Structures are given as structure tokens and as C-alpha cells.
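K.L.:
Need coordinates for the following:
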Amino acid sequence: MFIIENELYCIFPVYYNLIERYREKSFSLQAVDAQYSKAIETAIRERDNNKIFAIDMQFVTAFPDSNDKTFEVFTEMSGYKLIFYNIQENTHIKNLILQELGSNDSNLDIFCYSISPIVQESISGVGKCTAIFLNHTERTVKDRMHIIFELNAVYSEIVAKAIKANCIDNRIQYLPSSDVYSNMYIKIKTLFSQQIFSFCIYLLCKLIKDNFAHEQIDFIVSTSNTGTILANLIGKMLNKDVLFCSNVGPRFALDIQNIRDKVSKGCNCLCVFDFVCLGTEIKNLKTLLLCFNANLIGGVGIASYPSFNYLRGCKDSSEEKQSVLTRLFSLVNINEHGFHYKISLEPFPERGI
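P.N.:
Purely as a prediction, here's the structure:
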């Protein structure tokens, strides 16, 4: 079972573990059962009770047997603070959890919230959700919102930590896709051999389902070799066709041969990237697709240098506000996690990087 821990929380991403449990690389699963809950309970009891144990229920909407008493095991854990969160509104799961957890006069605290204004990069869902606090003391709305924010930020933190452990600092490099120089090399490929990589694919699928849930996606598109690996895996998870548009950048010719006769007029494409520096390549990709009357509706990726949230927050009608970059979402904005990434139009001097 994949469990995420830091100083304050121990988090169980339920749906991701379901995918791993059944070895079903898709989002077609929905159900948990008493056996699954027992496995979570066992893992919790193996740990000290000085942390908050958070059970992320996003995407779980059904159960195989409502008579299975799926969550009753948690009513016997009075010494542990538990949170069931990202419970989708208007689903059978919410009523079942409330019914079973409340059957033993448990100390329940129910908190309804919207994730969008809380989580900066919208990594754990959009819309109305419910969190159920079990065995907590009475909390204010501010405290509960802060806890939900921290829980959803933990996913970004573990991805950033894995990237930071392998990036090469103080290495001046030229980035042909953006025609600039940077002061370090962000090695996304190093994640591929780590356990966190599978979780990154899951989180990228979450970003797509959260932010493009109501839009038709005809193709997953990528422009780089590393991005193509991500795109192929995501395409399999979400059952989407994948299109590789190579050589898109200021110093390259636009290679249209790869997509000729593959895209139909008016089709919607969503870009998957590994790392975005300035977004020049994404803008060129949009132009390329427009030549074929296809739409680039946005994109998701592992890491980015620009703050897409800042662009989305612009209150004017500037070019930045209308840019496709406002429709990009990343798991990690690197400088928000202490990378100190810098870019320049000229090579950095040997000192003072």
C-alpha cells in the first residue's frame, strides 16, 4: 500500500491504491470493501497516534455491497484522529460513511468545502466536497480549511522533493525550446525509475479529470521525448489517443508530417509536458494545431517555472490573460518549492549564478 507521510500527516490515496491493488491501469474502478478498510486500519495501528491519518476518497463513488460494513472498523479507533476527505457530493459513499461512522456515537465533524479556492494548483479536485473529521476536538472553519489545504499540498511536496533530489544545480544550460539559458537542469527523467513515477501519472490524470472534466478530449499531445512517455501512459489510463508533435520550438521547423491526416477539423487536443520553462513551445504547438483547425484546450505536466496561477489571476484582458498558459496545470511550480530557478537571454557568468 502506498502511504504518504510527513511530520503532521499520514495520507492514504485510496483510489491510487485501488488501481495498484487490481493492477488495472485505468480509472474504471470505483469500489472499496471491508477488506480494503481493514488493510488501512492495520497500517494506521502500526504507527504512533501522534499524527493525523487522512484518507483521500476522491473518485471513489460506490461499494460492492452496502451490507459489508465497509467503514465500521474505524469506529473502534478512538485513540486516532482520522479524516476522510475529498468525498464527492451527491454520491452514495458520503451517506454510507456518515451512517457507519455515526453508528457508534462517534465524534464526527462534517465540513463541506470547494477545493478550487483553497488549493493553488487545483491538484486534488474541483467542485463541492466533504471532509469528515473523526475523533477531533471542535474546530473552527479556518482550522479545517487550513488542514484541507495542507493535505492537498502534500502531493506537490513529495513530487518536488523527488525532483529536487536529482536536479543538477549551478549547471548553465541552453534551452532551445524557449531560446533562453537556465542556471540548473531539472531532471524529470530520473523519476521514471522511482516508485513516485507511477503516482505522478495518477496525479496527472487527476489534473485532467479535475480541470477538463466537462470538455471533450480527442487527443493527448506531446512535443518532447520525455513528455511522450508521460502522454502514452496517461492515454492508456484515460483511454485517449496520443499524438506526438515533434520539433516544436523557436529554433526548429514545425514538423507537420506527424499529424497530417491524423487530426480532424475541430478536434480538441490536450498537451502533456514534463517541464515548462516559459511556455514558448506550448504556444507554438497551439499555432501548429490551428493550422489544421484543431484546438489546444490546455495541458498538464509535472513541473513548471512560470506561475500559471498568477496568469489565471490576472484581472485585465492582457495577452497573458488570454494565453493558452492560463489553461496549463502542473504538479509542481518549482520556485514555490525552493529550487531558485533562473533564466537569462545570455549565458550566466561563471560567478554569481
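
K.L.:
Low-confidence bits of the stretch 151-300 of the chain, can you list those?
P.N.:
Within the stretch 151-300 of the chain, the segments meeting pLDDT under 70 span 246-261.

K.L.:
Quick one: the helices in the stretch 101-250 of the chain, in order.
P.N.:
Across the stretch 101-250 of the chain, reading from the start of the chain, the helices by DSSP state H, counting those that start in this stretch fall at 141-164, 195-211, 225-238.

K.L.:
To residue 333, which of these lies closest?
P.N.:
Proximity to residue 333, assessed across the helices of the stretch 101-250 of the chain by C-beta to C-beta, is greatest for helix 141-164 (8.2 Å). Just so you know, the C-beta spots here come from the backbone N, C-alpha and C atoms, and that holds for glycine as well.

K.L.:
can you confirm residue 16 is in a strand?
P.N.:
No: under DSSP: H, G, I helix; E, B strand; the rest coil, residue 16 sits outside any strand and is assigned helix.

K.L.:
ok, now which ones touch it?
P.N.:
With contacts taken as C-beta atoms under 8 Å, 6 or more residues apart in numbering, residue 16 has the following neighbours: 2, 199, 202.

K.L.:
and if we set it to 10 Å?
P.N.:
With contacts defined as C-beta atoms under 10 Å, 6 or more residues apart in numbering, residue 16 is in contact with 1-2, 4, 56, 58-59, 198-199, 201-203, 205-206.

K.L.:
can you redo the helices of the stretch 101-250 of the chain as a markdown table with mean neighbour count and distance to residue 299?
P.N.:
Formatted as a markdown table, those follow (neighbours: other C-beta atoms under 10 Å; distance: least, C-beta to C-beta, whole Å):
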| stretch | mean neighbour count | distance to residue 299 |
| --- | --- | --- |
| helix 141-164 | 18 | 17 |
| helix 195-211 | 21 | 9 |
| helix 225-238 | 19 | 9 |
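
K.L.:
Which one, of those, ends up nearest to residue 270?
P.N.:
Ranking those by proximity to residue 270 (C-beta to C-beta) places helix 195-211 first, at 6.7 Å.

K.L.:
Give me the pLDDT for the closest residue to residue 133 other than its chain neighbours.
P.N.:
Counting by C-beta to C-beta, 6 or more residues apart in numbering, residue 133 lies nearest to residue 109, which is 3.8 Å off, once chain neighbours are set aside. Among the per-residue scores, residue 109 shows a pLDDT of 87.
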